[in-house]
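> here is my input; please provide its structure:
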Amino acid sequence: MIRAVRLAGFKSFVQSAEVRFAALTLLEGPNGTGKTSLLEALLLLRQTVERRPAGPWLALHGPLAQLRADEVSTAPETVIEVDHDCCDEYDDYQRGDPVRYRLVCHPDPGGDPGRLLVSELSRGEARAIATRDDDAEEYARACADDYPGPPLFLVDHPHRDGGPTWAGLRGIVPQAEFVRLQHTAAELRSRLANAGDPLDSDEVDALASMMSAAVPALFQPVAGRLDMPDELARTLDVGDLARRILHLGPQRQRPRLVHNDVPVDRPGDLGPDGEFAVAYLHRHRDDPVGGRAPPGAHADILPLSEAVDGWLGHLRLAHEVVVEPVPPSGLALRHRPWFAPDRTVPAGPALSHVLPLLVMGLAAGTGDILLCAQPELHLGVDCRRALFDFLAALADAGVQVVAETHSGELLEAARGHGVMGRSGTTAPLVASFGHDRSGARVRNMEIQSTGRGKKRCRRR
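Numbers count the residues shown, from 1 in each chain. As a prediction, this is how the structure comes out:
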């Protein structure tokens with residue numbers, strides 16, 4: 001679960017701002033105040049791991065800064081820090097210290113407003129960043145002598161056996177294995193004695209391979225490894241966070257579904273608009289879903305198709321949906337509509353918009369992070385209130401939900417969630433976004449049992 005995100009120099013976040021997260025977090029506020037920017041910052045971190053082919057550039061959806069030129073010049077560096085509990089079991093989220101991922105980028109010197117140049121990617125314990133004691137300085141000098149490339153960026157980090165460790169740009173290095181790494185670095189240096197500066201791609205691959213062989217448990221090259229501008233490999237394992245992030249866009253222009261039988265194996269394969277939800281539902285309709293049954297369900301563990309039907313009924317949109325193959329490669333989606341004489345919005349757009357959210361949320365694994373933008377679009381008032389029940393059920397089952405919303409009904413349901421004293425892992429949290437001359441400002445409010453908000457933190 002993500003505990004906190006800190007942003008500086010990123011779009012509306014000119015100054016440093018921190019946002020706290022709970023198992024269910026609602027982002028609310030006017031347009032242009034940084035809600036989408038926060039989600040995009042998390043997607044940017046995921047992009048550093050999953051992009052192919054690897055390269056130093058990260059692509060943004062729109063310009064880096066939506067501010068005046070003089071405001072941009074005051075924040076030449078983009079810093080994204082994410083505190084994340086890398087635990088497999090949801091119950092463990094309340095124990096231990098989160099890991100902090102730090103991504104530092106710079107705008108394109110060529111002037112392209114939609115590109116960022118990565119200059120640093122590091123990982124360490126969230127409590128103590130950039131520890132600088134005598135042992136650390138001595139260790140840094142030794143690394144600078146024996147490693148090709150610049151000295152390591154040091155952060156304090158806990159190790160599984162309780163011993164002291166140091167984290168750098170290229171991975172986690174326990175002191176107990178430092179001598180072993182010295183021999184490895186010496187061997188690598190002898191192999192590359194005639195290499196020029198900078199290293200070419202083959203030598204970079206050799207460096208990554210040698211480091212991985214030196215400490216197999218800790219130096220794990222990730223898919224889509226970034227080659228930085230200095231052509232030195234960064235082999236930090238940020239994949240634990242990246243592979244858990246699921247994203248569903250707002251579908252503002254075209255709530256639609258693609259009725260093709262395409263291969264979709266993971267919830268993250270549904271597409272940014274959820275367009276492949278029908279194909280996923282068809283292929284995985286019998287997959288068991290536990291802990292997320294709709295109210296009134298006959299069992300706690302249901303097949304995916306039955307769980308989807310149950311939640312569609314709770315939303316009063318349909319009794320059931322049926323996906324049937326249409327040769328040679330198509331799929332047909334049929335639904336039995338819910339009779340609601342007081343319905344004020346068409347059921348078709350509402351169904352096509354909410355179905356990807358239901359499928360992705362029900363298919364997500366424990367510890368996954370679901371980012372969704374405006375899930376309330378095309379839904380009526382009662383349907384929006386019922387939608388909060390679904391989001392809360394996901395959070396109770398161990399799926400962290402971060403929803404950007406403009407719906408007063410969702411916020412009212414969050415307050416009602418606290419008043420009713422529903423069982424759950426944590427209280428809902430509302431992050432209220434605003435904007436002033438210094439950039440975006442955020443106020444975090446935890447919903448108490450009275451239904452009132454308790455202020456947690458603000459822009460620093």
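
> my guess is residue 305 meets residue 281, correct?
Yes - applying C-beta atoms under 8 Å as the test, residue 305 and residue 281 come out as touching, 6.7 Å apart. Where you see a C-beta, it was placed from the backbone N, CA and C, and this is true even at glycine.

> overlap in contacts of these two?
residue 321 (C-beta atoms under 8 Å, 6 or more residues apart in numbering).

> average model confidence for stretch 372-386?
Average pLDDT, stretch 372-386: 87.

> what does it rub up against?
The contact list for stretch 372-386 (C-beta under 8 Å, 6+ apart) reads 36, 39, 247-252, 255, 314-317, 343-346, 349-350, 353-354, 357, 387, 391, 401-407, 409-410, 412-413.

> just the endpoints, please. Distance across that stretch?
Its first and final residues considered, stretch 372-386 spans 16 Å by C-alpha to C-alpha, to the nearest Å.

> packing partners of the strand or helix carrying residue 311?
Using DSSP states H and E, residue 311 falls within helix 304-314. With contacts defined as 3 or more C-beta pairs under 8 Å, 6 or more residues apart in numbering; DSSP states H and E, helix 304-314 has these neighbours: helix 277-283, strand 288-290, strand 318-326, helix 347-363, helix 381-396.

> list the buried residues for the second one?
This points to strand 288-290. For strand 288-290, a neighbour-count test (16 or more other C-beta atoms under 10 Å) marks residue 289 as buried.

> what does the average pLDDT come to for it?
90.

> same thing with the third one?
Looking at strand 318-326 alone, the average pLDDT works out to 85.

> name the residues that touch it?
Identification of contacts with strand 318-326 by C-beta under 8 Å, 6+ apart yields 259, 261, 278, 281-282, 285, 305, 308-309, 312-313, 331-338, 347, 351, 355.

> swap in 7 Å and give it another go.
The contact list for strand 318-326 (C-beta atoms under 7 Å, 6 or more residues apart in numbering) reads 261, 278, 281-282, 308-309, 312-313, 331-338, 351.

> now stretch 270-287
By C-beta under 7 Å, 6+ apart, the surrounding residues in contact with stretch 270-287 are 247-249, 251, 256-262, 264, 269, 303-305, 308, 323, 331, 333, 355-357, 359-360, 363.

> quick check on those residues: which are buried?
Neighbour-count burial (16+ other C-beta under 10 Å) applied to these gives 247-249, 251, 257-259, 261-262, 264, 304-305, 308, 323, 331, 333, 355-357, 359-360, 363.

> PyMOL command for the buried members of the contacts of strand 318-326?
Here is the PyMOL command that selects the buried residues among the contacts of strand 318-326 (16+ other C-beta under 10 Å):
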select buried, resi 261+278+281+282+308+309+312+313+331+333+335+338+351
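
> helices of this structure, start to end?
Secondary structure of the chain (DSSP state H): helices located at 35-50, 69-73, 134-146, 178-191, 201-214, 239-242, 277-283, 304-314, 347-363, 381-396, 408-420.

> count residues in the vicinity of residue 295, would you?
11 (other C-beta atoms under 10 Å).

> wait, residue 293
A count of neighbours around residue 293, defined by other C-beta under 10 Å, yields 20.

> roughly how far does it sit from residue 390?
Distance of residue 293 to residue 390, computed by C-beta to C-beta, to the nearest Å: 11 Å.

> what comes into contact with stretch 289-300?
By C-beta under 7 Å, 6+ apart, the list of residues contacting stretch 289-300 reads 301-302, 304, 307, 310-311, 313-314, 362, 389, 393-394, 397.
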